[in-house]
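**Student:** got a predicted structure here, sequence first:
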Amino acid sequence: MTTSPQTPLLQVRNLCKHFPIMSKGFARRPIGAVKAVDDVNFDLMRGETLGLVGESGSGKTTCARTILRALSPTSGQALFHVDGQTVDLAQISEKDLKPLRQKMQMVFQDPFSSLNPRMTVGDIVGEPLLIHKLARGKELQDRVDEMLLKVGLRPEHRQRYPHAFSGGQRQRIGIARALIMKPALVVADEAVSALDVSVQAQVINLLADLQDEFNLTYLFVAHDLSVVRHICDRVAVMYAGKIVELADSEELFENPRHPYSQALLSAVPSIDPDIKMNFDIGGEVADAGKLPPGCPFHPRCPHRFEPCDKVVPWLEVVEASNTSAACHLYIPPEKIEAAALAQGSK
Amino acid sequence: MTNDTVLHIEDLKTYFYTEQGEIPAVDGVTVSLERGKVLALVGESGCGKSVTSYSILRLIRPPGKIVGGKILFTPKDGAAPIDIAALNEKSDQLYSVRGGHISMIFQEPMTALSPVHTINNQISEAILLHQDVTPRQAREMAIEMLRKVGIPGAERRIDQYPHEMSGGMRQRVVIAMALVCNPEILIADEPTTALDVTIQGQILKLIKDLVAERGTSVVFITHDLGVVAQIADDVAVMYLGRVVEKSDVRGVLKTPLHPYTMSLLQSLPGLGHRGQRLPAIRGSVPSLTDIPPGCPFHPRCPHAVRGRCDVGDRPALRTFSNGGQAACVRVEEIHPHVHEVGHSNDPRVAPVAA
Ligand SMILES: Nc1ncnc2c1ncn2[C@@H]1O[C@H](COP(=O)(O)OP(=O)(O)OP(=O)(O)O)[C@@H](O)[C@H]1O
Ligand SMILES: Nc1ncnc2c1ncn2[C@@H]1O[C@H](COP(=O)(O)OP(=O)(O)OP(=O)(O)O)[C@@H](O)[C@H]1O
Ligand code: SF4
Ligand SMILES: [Mg+2]
Ligand SMILES: [Mg+2]
């Protein structure tokens, strides 16, 4: 999609969201923490589409929701540059946040629980316009109809309730609701995952058109790697609460650096029934509530070597590339040594 | 249907009666599931896949109703086939079908999970209802199952509530719930769409193992054709409430006969498309209250010809020399190498009873 002048719309710095693990029994008290999002950093450029992929449970949804302040962060910043101002979404008060909400919209992962079952589809899709007093009456109705058509639904669906729709149709209701505001930032959490390939193509084309027309910026959380490859300019790969690789989309798919990214890409099922895949990448799925020391991927990593179970790797630019990876394979040994001393002395 | 058909659905019709009129969500679906096989059900969003699977378990609620057809289930123990569609709503037989013989993984996990109970309560309840074990044992079994579906820290997770889990973990809890009862038939409605590919792989392997070890039969609904390629033996492609193509997995993915299936395969976002527009099928799915005459796909079909495709009844499923079945009047013109066959010895492609 379009890449306009490289100015950031959003800068995420050291973002953390930890959930307490409570003891059992009556007096529940914290006995540990699930580090759902742990020290996440990235820039989101105006007009770009950044993909967020990674293991289920690695913190993608939590990261997205924390940025939009649907969850309050444990620490860190989310600097949002809009209308010539910079606001830290992580710090801003509820009151100041309110007018900003129309500039950032989220398409939720679970369309079933995110759509109000007692509202008709017309009301659900039109509500943001009504709340922000941007349209009413006939104009509101026209804009709702137009949006429904764009996502492949029909104007006569306006009077129906969410339960009367298929899973994929409900997902498109959520998309229509988010896009009707033409917000500066759209966070789409698994927005096209329940759609069959043809409707998916239609919705993806729509996202691209709106982006061209209104210079929208997308943070696109998805599992379907072929979709990510198709629409994302850059991709961040998450594992156990951290970004482990950040790369241009083509580069990631042609030349994944982090061993987890490599495992992920090799598990995409082939559509040729005669190519039988080996599905198991082996080892236990990471548990954000109980991470191993050192690199969180080391128990499953085929390339692990000496520092991997001792020193936590950090995102470092891979030599002669645009890619950053959090893996000791790409960090100069002297830096690992220095870090070993620093991390060990803590 | 053959000797070892575990589920045979014949001319199933499930309609919804709404203010906008009658909605024929499933309108004459005929399809068979062989014992120990995986049948994939694919097709455009809204074509009736979930309604078909809800019908199998008789979970259709008003204003919906099964208005015609049979759902014949032949249990393993050699008992006579049961027509699930004809069972009384409150009969013991229906209860035992739902609870033990056939389990379902729902498309949206929160439809199957209670937000106010812990995972342990929910899985253990399913176990205690159908198996003679103590609550302690049920808990152990539940933990073991959670491990199998790839939930890390299962002993801790089991006491959590659904909202404390990620979307994909909830999905795996629902999968675990469906599998603990050791069903004869598993109906899995988009079970892996919420999962990343490595965990998806783990689940696919688990289902394959179940099929191999316990002879479980599976109806697998998905729109991911890669998943279809890797797990299915047979495939039925649906369009607007009916099956328009049926064959073994190779037939459907490598030599599709129906123009709709051909278009589906072309709209896959593949290599080399980046930044370009995806070839979506032109037009949009027609409204179920206004189904086009003739072949319902004709307004969007690149092969449609006036006077043949847009008139009369819906084309019937016909069987062709390559073993596939398709409901298109122009199959032999589009694919000159195949011809219609009256009858085939391959049980999978035996012509459907009218
Ligand atoms: N309660 C209802 N009232 C009216 N129409 C309904 C109802 N439930 C489902 N439908 C309609 O029935 C059709 C089939 O729905 P179904 O859920 O089976 O689709 P699906 O093939 O599973 O699609 P998806 O891939 O999006 O999940 C849809 O057009 C839907 O709008
Ligand atoms: N409200 C909560 N309370 C406790 N833990 C939570 C809560 N919400 C999320 N978590 C935990 O945070 C971790 C990250 O969850 P998140 O939903 O962000 O994952 P995800 O990457 O979106 O996964 P998926 O691909 O499965 O949707 C998980 O371990 C999850 O259990
Ligand atoms: S840091 Fe070590 S264990 Fe971690 S991914 Fe790299 S090589 Fe593997
Ligand atoms: Mg998520
Ligand atoms: Mg469905």
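**Tutor:** Yep, that arrived. Ligands and ions are numbered 1, 2, ... in the order given.
**Student:** which residue is nearest the middle of chain A?
**Tutor:** Central residue of chain A (CA atoms, centre = their mean): A:V221, 3.4 Å from the mean position.
**Student:** which phi and psi values does that one adopt?
**Tutor:** Here is the backbone geometry of A:V221 (degrees, to the nearest 10): phi -90, psi 130.
**Student:** OK, contacts around it?
**Tutor:** A:G51, A:L52, A:V53, A:K60, A:T61, A:A64, A:Q109, A:V187, A:A188, A:D189, A:E190 (CB atoms under 8 Å, 6 or more residues apart in numbering or on different chains). Every residue, glycine included, has its C-beta placed from N, CA and C.
**Student:** what's the burial count for residue 197?
**Tutor:** In the absence of a named chain, chain A is used. 29 (other CB atoms under 10 Å in any protein chain shown).
**Student:** you looked at the wrong chain, it should be chain B
**Tutor:** Look at B:V197: counted by other CB under 10 Å, it has 28 neighbours.
**Student:** now the strands: where do they sit in the stretch 1-150 of chain B?
**Tutor:** Here the stretch 1-150 of chain B has its strands, by DSSP state E, counting those that start in this stretch, at B:5-18, B:21-34, B:38-43, B:64-73, B:82-83, B:102-105.
**Student:** does the fourth one come close to chain A?
**Tutor:** No: under the criterion of CB under 8 Å from any CB of the partner chain, chain A is not reached by strand B:64-73; the shortest gap measures 9.3 Å.
**Student:** ok, now how distant is B:C295 from ligand 4?
**Tutor:** Distance of B:C295 to ligand 4, computed by CB to the ion, to the nearest Å: 40 Å.
**Student:** in chain A, which spans are helices?
**Tutor:** Using DSSP state H, the helices of chain A run over A:60-67, A:94-97, A:111-114, A:121-131, A:137-150, A:167-179, A:197-214, A:225-231, A:249-254, A:259-266, A:333-344.
**Student:** who are the packing partners of the first one?
**Tutor:** Packed against helix A:60-67 by the contact rule (3 or more CB pairs under 8 Å, 6 or more residues apart in numbering or on different chains; DSSP states H and E) you find strand A:8-22, strand A:30-45, strand A:49-54, strand A:185-189, strand A:217-221.
**Student:** which SS class is B:C328?
**Tutor:** coil (DSSP: H, G, I helix; E, B strand; the rest coil).
**Student:** is it possible to get JSON lines of the contacts of A:V221 that adds neighbour count?
**Tutor:** Formatted as JSON lines, these follow (neighbours: other CB atoms under 10 Å in any protein chain shown):
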{"residue": "A:G51", "neighbour count": "24"}
{"residue": "A:L52", "neighbour count": "26"}
{"residue": "A:V53", "neighbour count": "25"}
{"residue": "A:K60", "neighbour count": "28"}
{"residue": "A:T61", "neighbour count": "26"}
{"residue": "A:A64", "neighbour count": "23"}
{"residue": "A:Q109", "neighbour count": "25"}
{"residue": "A:V187", "neighbour count": "27"}
{"residue": "A:A188", "neighbour count": "26"}
{"residue": "A:D189", "neighbour count": "23"}
{"residue": "A:E190", "neighbour count": "23"}
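**Student:** which residues sit in contact with B:G48?
**Tutor:** Counting by CB under 8 Å, 6+ apart, B:G48 makes contact with B:T14, B:A25, B:V26, B:D27, B:V29, B:M238, B:L240, B:G241, B:R242.
**Student:** look at the residue of the stretch 151-300 of chain B found nearest ligand 1 and report its pLDDT.
**Tutor:** Relative to ligand 1, the nearest point of the stretch 151-300 of chain B is B:L288 (5.3 Å; CB to the nearest ligand atom). Note for B:L288: predicted pLDDT of 84.
**Student:** count the residues that sit near it.
**Tutor:** Residues contacting B:L288 under the criterion other CB under 10 Å number 21.
**Student:** where does chain B dip in pLDDT?
**Tutor:** Across chain B, residues meeting the criterion (pLDDT under 70) sit at B:1-3, B:269-277, B:342-354.
**Student:** regarding it, what is its longest helix?
**Tutor:** When chain B is parsed with DSSP H, its longest helix is helix B:197-214.
**Student:** residues in contact with residue 220?
**Tutor:** Assuming you mean chain A. Neighbours of A:F220 in contact, by CB under 8 Å, 6+ apart: A:T49, A:L50, A:G51, A:L52, A:A188, A:A191, A:V228, A:I231, A:C232.
**Student:** you answered for a different chain; I wanted chain B.
**Tutor:** Contacts of B:F220 by CB under 8 Å, 6+ apart are B:V38, B:L39, B:A40, B:L41, B:A188, B:P191, B:I207, B:V227, B:V228, B:I231, B:A232.
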